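# coordinates only, sequence not included:
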């Protein structure tokens, strides 16, 4: 029973295209995240949603637009893809918003995006 | 500012102990975490420590916390080939996000 799932696992596309990555969690969590992991494995938070409300919006180009239709889903749409967008994108969820209290984040398997 | 630092690589022989170090900056972090990322997979929580503790042991894993120096370490006893992974340290200040280190790639030599 997959806790956090993402589709697709691999995405190869041309520069300038628009693509979406979907994420679903069946853990009943309130908070979901999108992370970008580059080729050097650095992990950067992009967005965080709590109960469908945007909480964190780090400095990412506005070509990236998250959408949360409900608490269990957080999708990432990317317009006008660029070479530098190539990375692995991870979705994660947690019971509540990250803060001083204990709060484990559960990660999806990642989507490897390659922009040609 | 907030920053979590780790060395990028650690190479150990199978059967030896591995010690992965991490320094953090935000003294308000009440929990500190170690996550493990195996090749081709997402991160998984390995262990964590509450800031009022200085040591936590869980089977082969020992976490040491030095709050004064803001230093966290993860010791893996009797390192096995299955321990090959990237280990991320993270702190949890009160600004609704985890602050992640760059990850330490643990390489096991036979």
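Arrived safely, thanks for sending. Since this is a predicted model, take the numbers as computed values, not measurements.

# contacts only, for residue B:66.
By Cβ atoms under 8 Å, 6 or more residues apart in numbering or on different chains, the contact list for residue B:66 reads B:54, B:72. For every residue, glycine as well, the C-beta is placed using N, CA and C.

# who does whatever residue of chain A ends up closest to chain B form a beta bridge with?
Going by Cβ to the nearest Cβ, chain B is nearest to residue A:107 of chain A, at 3.2 Å. Note on residue A:107: beta-bridge partners by DSSP bridges are residue A:92.

# ok, now which ones touch it?
A:4, A:90-92, B:42-44.

# starting at the chain centroid, how far to the helix or strand bottoming out on mean pLDDT in chain B?
When each helix and strand of chain B is scored by mean pLDDT, DSSP states H and E, strand B:99-100 comes last, with a mean of 91. Here strand B:99-100 shows a centroid-to-chain-centroid distance of 11 Å under the convention Cα atoms, centre = their mean, to the nearest Å.

# element containing the residue positioned nearest the centre of chain A, please.
Using Cα atoms, centre = their mean, the residue of chain A that lies closest to the mean C-alpha position is residue A:34, 2.6 Å off. Applying DSSP states H and E as the criterion places residue A:34 in strand A:31-37.

# on that earlier part again, buried subset of the contacts of residue A:107, written for PyMOL?
Typed into PyMOL, the line below selects the buried ones among the contacts of residue A:107, using 16 or more other Cβ atoms under 10 Å in any protein chain shown:
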select buried, (chain A and resi 4+90+91+92) or (chain B and resi 42+43)
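
# flag the shaky bits of chain B, pLDDT-wise.
B:1-2, B:94-95 (pLDDT under 70).

# let's see 90
Flagging of chain B using pLDDT under 90 yields the residue ranges B:1-3, B:25-30, B:92-99, B:110.

# what's the answer for chain A, then?
A:1-2, A:39-41, A:51-60, A:96-103.

# what parts of it come near chain B?
A:4, A:40-45, A:48, A:55-56, A:90, A:92, A:97-105, A:107-110 (Cβ under 8 Å from any Cβ of the partner chain).

# what subset of those is buried?
Here, 16+ other Cβ under 10 Å leaves A:4, A:43, A:45, A:48, A:55-56, A:90, A:92, A:97-99, A:103-105, A:107-110 buried among those.

# what are the ranges of the strands in chain B?
Read by DSSP state E, chain B holds these strands, from start to end of the chain: B:4-6, B:9-13, B:18-24, B:31-37, B:43-50, B:55-58, B:61-66, B:71-76, B:85-91, B:99-100, B:104-109.

# rewinding a little: now check the least confident helix or strand of chain B, is it near chain A?
Yes - Strand B:99-100 is in contact with chain A by Cβ under 8 Å from any Cβ, via residue B:100.

# quick check: can you name the pairing partners of that strand and their directions?
strand B:85-91 (antiparallel).

# next, the angle from the strand it pairs with to strand B:18-24.
Counting by axes from the mean of the first three to the mean of the last three Cα atoms, to 10 degrees, strand B:85-91 lies at 30 degrees to strand B:18-24.

# quick one, what contacts the residue in chain B positioned nearest to chain A?
For chain B and chain A, the shortest gap (Cβ to the nearest Cβ) falls at residue B:42, measuring 3.2 Å. Neighbour list for residue B:42: A:4, A:90, A:92, A:107-110 [criterion: Cβ under 8 Å, 6+ apart].

# sweet, I'm off.
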